[in-house]
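In: Please find the sequence and the predicted model below.
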Amino acid sequence: MIVLWTDGLIYFLVVAAAVLAVYMSRQAHMRRPLHKIAASPVAMASLTLLLCFVMIGLADSVHFKDGDSRGNEAISLLDVACTTMRKHTEKTYSAPFSTHLYAKETIALDDGTTRWDYPRLQYGGAYLQNPEAEWAGDVFKKTLSAFSKGAGLLLMILLLAWGDKHEQRRRLSRSRSAIAVWVVMFVMVSGCYTLFSLSAYYHVLGTDKVGEDVFYQALKSIRTGLVIGSLTTMVMLPMAIVFGIMAGFFKGWVDDVIQFVYTTLNSIPSVLLIAASILMVQVYMSNHAEDFNNLLVRADMRLLFLCLILGVTSWTGLCRLLRAETLKLREMEYVLAAQALGVKPAMILFRHILPNVMHIVLISVVLDFSSLVLAEAVLSYINIGVDPTTHSWGNMINSARLEMAREPIVWWSLAAAFVFMFALVLAANLFADSVRDAFDPRRANV
Amino acid sequence: MITYIIRRFLYALPLLMAVNVLTFVLFFVVNSPDDMARMQLGQKHVTEQAIQNWKHQHGYDLPLLWNDEQQGSKCLSETIFYQKSVNLFLFDFGISDSGRNIGTDIRQRMWPSLALALPSLIVGLLVNITLALLMVLFRNTYVELSSSVLCVMLMSVSSLFYIIGGQFVVGKVLMLVPISGYDYGWSAIKFLILPVLISVVAGIGSGARWYRTLFLEEVEKDYVRTARAKGLTETQVLFKHVLKNAMIPILTGVVVVLPLLFMGSLIMESFFSIPGLGSYTIDAINRQDFAIVRSMVFLGSALYIAGLLLTDISYTLVDPRVRLS
């Protein structure tokens, strides 16, 4: 097993999130907002969708050495699950579910003559004898059978839940939010199952310029999106919390210095700061090429650097919010009481201030997630995002946008990136909204 | 007032200085000029002589901070820090790595950027405020619910898709306007319609939502209740009272971005090949032209700080409750 830097940080993040979840569910004052989230069907549906993405991303974060290849290429669990998709590479573009290549070329016939036509794909529907006649029926049959298998699997689980005799669990599994969760689960499981089993026979989302399966690319991109959205937050949280609380609590010169630092950082246009830093990283990497000989390690380091830099540019907003809140909190009676009793400032910060600003931290973490995923696409477009060899939606869009000028147009890469990104960002946005509604004390009674 | 402005101005100076030092550290200390020369000249088969030549040509062959070989004040002035960073204060950007005068380029490319950014800002503001007001007017109805769902969906689409989709539908399928390009003078309009339209549409989701929360905050205040109690209709209350009071945060939010309009929009300009500062920056990033990126970082920060200054001043002008202190 190989643990990349981002992998390790992701494991850490998962553990941290689990600990936080357990801690929060034990706190009495956290129960009301948590119940409010659990009671909202929209929040639970989007959370389910997010968790599905997280599962795929986690499966893509467990790397080990490829047994087949002689080189030191590392593959992940997701790669193993998608082995057929990964190995079924065509020559160049092909449309979704097509049996022929996108471009015409000369084909050598059996009798020695040549013909100028669309060649058959190497894998997509290769077993069909007469594609024109059999294609529609075959696609329909395969889709139906795969879908019924996936749907049947979930219906069975549903039946089990339905037949549950335990009264409390019964009520729980029939609330409105539980129904929303079931619906999303049904769509996701049966949809994923269908697409996965179909991609053994066809390229369900077509292939790209070098013949790689677009569905596989889109699946691999999930990890990149999640890493950027979550690791960046992890980078910026310590800075924002420590500086924000200190500036608000100690005032005086500490406040002045911290304010000066974040105004300076804020005043540099973030895209330019990122560009400058990425340029510097590139120079550094090309001068220390021997440390980054593995393609995956190199791409991984660049992803990590990007997260670091994004974190450095984005902590200022949260820091300002925390400073303002701490300024308010330090005048509260319980803080004054603690001071009067001679509690040390560090203890006051840790015991009294920090727990009371946590809701702001939580809200801003979920709110930032979606904007970071969107930012990745834009940064990759300007070539200052992730490494060009990393699978990411930004890179997919970037390589596909010039193909819009072709006739007939190559739309499938863009469409795949659009659908996946939209699903992730929409789920994140909806979930963020309900988290904000639940945790914001100003909206508590609404 | 004057003393206040002067004080704010003096406060901006150390900020600019810090930005300057930061960019210097980023560009010269993390990687030595030798590294940059290698990058520019290609990685392999670069002789030491070629690197020296490149450094001499671009003025990178001086010591970083302190020149021992010179006398007196030249100890400080004959260094990379002085030559490359201090001159930025005087808005003397020097020469780019490819040999062009950056200052002239910026002055030339500022106007197309502005021609795109200013209409986008104004039209976007009008559209967003109108939509937000309508949403507040129909609050607690299905109109509001469906429009806020629509806003979240619009927000969730990457801006790249708006651009690609807009170019494809309006430019390629309907052939109403040219897909990309630019022209000087009044003929620029036909090139600018599409980018302005797209940036307005792309901003509706987050913009309308943001203004809606601003208006909703105002709607719950006491003076609105009084106005309703007087017997004013809901539209009168909204447009006369709420809009006027909500203008303060809206205005200050706009003022802070005003100077940055000169910088242009990176993606818009490069997608529509408008020769503004945004595409200039992107080109520089792609060509790895450090001098241009450095100047743009400094220019951007200077404009942002100017924006902060303007915001402070506009606050005091608009909001009578704010006193100068």
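Out: Happy to help now that I have it. Numbers count the residues shown, from 1 in each chain, chains lettered A, B, ... in the order given.

In: Show me the strands in the stretch 101-250 of chain A, by range?
Out: Under the criterion DSSP state E, counting those that start in this stretch, strands of the stretch 101-250 of chain A are mapped to A:105-108, A:114-117.

In: So what touches the last one?
Out: Counting by C-beta atoms under 8 Å, 6 or more residues apart in numbering or on different chains, strand A:114-117 makes contact with A:104, A:105, A:106, A:107, A:108, A:109, all of which sit outside it. In this view, the C-beta of every residue, glycine as well, is placed from N, C-alpha and C.

In: how about stretch A:400-410: buried residues?
Out: Applying a neighbour-count criterion of 16 or more other C-beta atoms under 10 Å in any protein chain shown, the buried positions in stretch A:400-410 are A:400, A:401, A:403, A:404, A:410.

In: Tell me the pLDDT of the third one.
Out: The reference is to residue A:403. pLDDT, residue A:403: 77.

In: Pull up the residues of the stretch 101-250 of chain B that are close to chain A.
Out: Residues of the stretch 101-250 of chain B found near chain A, taking C-beta under 8 Å from any C-beta of the partner chain as the criterion, are B:152-153, B:155-161, B:164, B:167-168, B:172.

In: isn't residue A:322 right up against residue A:358?
Out: No. In terms of C-beta atoms under 8 Å, residue A:322 does not count as a neighbour of residue A:358; the distance is 10.2 Å.

In: More neighbours: these two, which one.
Out: residue A:322 (26 against 16; other C-beta atoms under 10 Å in any protein chain shown).

In: Please tell me how far the more buried one sits from chain B.
Out: Residue A:322 sits 20 Å away from chain B, going by C-beta to the nearest C-beta, to the nearest Å.

In: residue contacts, that residue?
Out: Counting by C-beta under 8 Å, 6+ apart, residue A:322 touches A:240, A:241, A:244, A:245, A:248, A:357, A:360, A:361.

In: Helix or strand for it, just tell me which one.
Out: Per DSSP states H and E: residue A:322 is located in helix A:295-329.

In: helices or strands next to the following helix or strand past that helix in the packing?
Out: Scanning forward in sequence from helix A:295-329 by DSSP H and E, the next helix or strand is helix A:333-340. Applying 3 or more C-beta pairs under 8 Å, 6 or more residues apart in numbering or on different chains; DSSP states H and E, one finds that helix A:333-340 contacts helix A:345-348.

In: And the pLDDT at residue A:330?
Out: Model confidence at residue A:330 (pLDDT) stands at 86.

In: Can you report how many residues lie near the closest residue to it other than its chain neighbours?
Out: With C-beta to C-beta, 6 or more residues apart in numbering or on different chains as the measure, residue A:249 is the residue that lies nearest to residue A:330, at 5.5 Å, once sequence neighbours are left out. When neighbours are counted by other C-beta under 10 Å, residue A:249 registers 19.

In: wait, doesn't residue A:249 sit right on residue A:325?
Out: No. Contact criterion C-beta under 8 Å: residue A:249 and residue A:325 do not qualify, at 10.7 Å.

In: Low-confidence stretches in chain B?
Out: Within chain B, the set of residues satisfying pLDDT under 70 comprises B:29-31, B:39, B:42-45, B:62-78, B:322-325.

In: any idea which residue sits dead centre in it?
Out: Nearest to the centroid of the C-alpha atoms of chain B, with distances taken as C-alpha atoms, centre = their mean, sits residue B:260, at 3.7 Å.

In: Name all residues that make contact with residue 150.
Out: The chain I'm using is chain A. For residue A:150, the residues meeting the contact criterion (C-beta under 8 Å, 6+ apart) are A:189, A:190, A:191, A:192, A:193, A:194.

In: nope, chain B please
Out: So, once contact is read as C-beta under 8 Å, 6+ apart, residue B:150 ends up touching residue B:205.

In: so where does it fall, helix or strand?
Out: Assigned by DSSP H and E, residue B:150 falls within helix B:142-155.

In: C-terminal to that helix, what's the next element?
Out: helix B:159-166.

In: which secondary structure elements does whatever helix or strand comes next after that following helix contact?
Out: Read in the C-terminal direction, the helix or strand following helix B:159-166 is helix B:189-219, with elements assigned using DSSP H and E. Contacting helix B:189-219 under the criterion 3+ C-beta pairs under 8 Å, 6+ apart are the following elements: helix B:102-137, helix B:142-155, helix B:159-166, helix B:243-257, helix B:266-271.

In: again, only using 7 Å
Out: If contacts are counted by 3 or more C-beta pairs under 7 Å, 6 or more residues apart in numbering or on different chains; DSSP states H and E, helix B:189-219 sits against helix B:102-137, helix B:142-155, helix B:159-166, helix B:243-257.

In: and the angle from the first one to helix B:243-257?
Out: Calculated by axes from the mean of the first three to the mean of the last three C-alpha atoms, to 10 degrees, helix B:102-137 forms an angle of 160 degrees with helix B:243-257.

In: any idea of the angle helix B:102-137 forms with helix B:189-219?
Out: Using the same axes, to 10 degrees, the inter-axis angle of helix B:102-137 relative to helix B:189-219 is 50 degrees.

In: And helix B:102-137, how far out from the chain middle?
Out: The gap between where helix B:102-137 is centred and where its chain is centred comes out at 11 Å by C-alpha atoms, centre = their mean, to the nearest Å.
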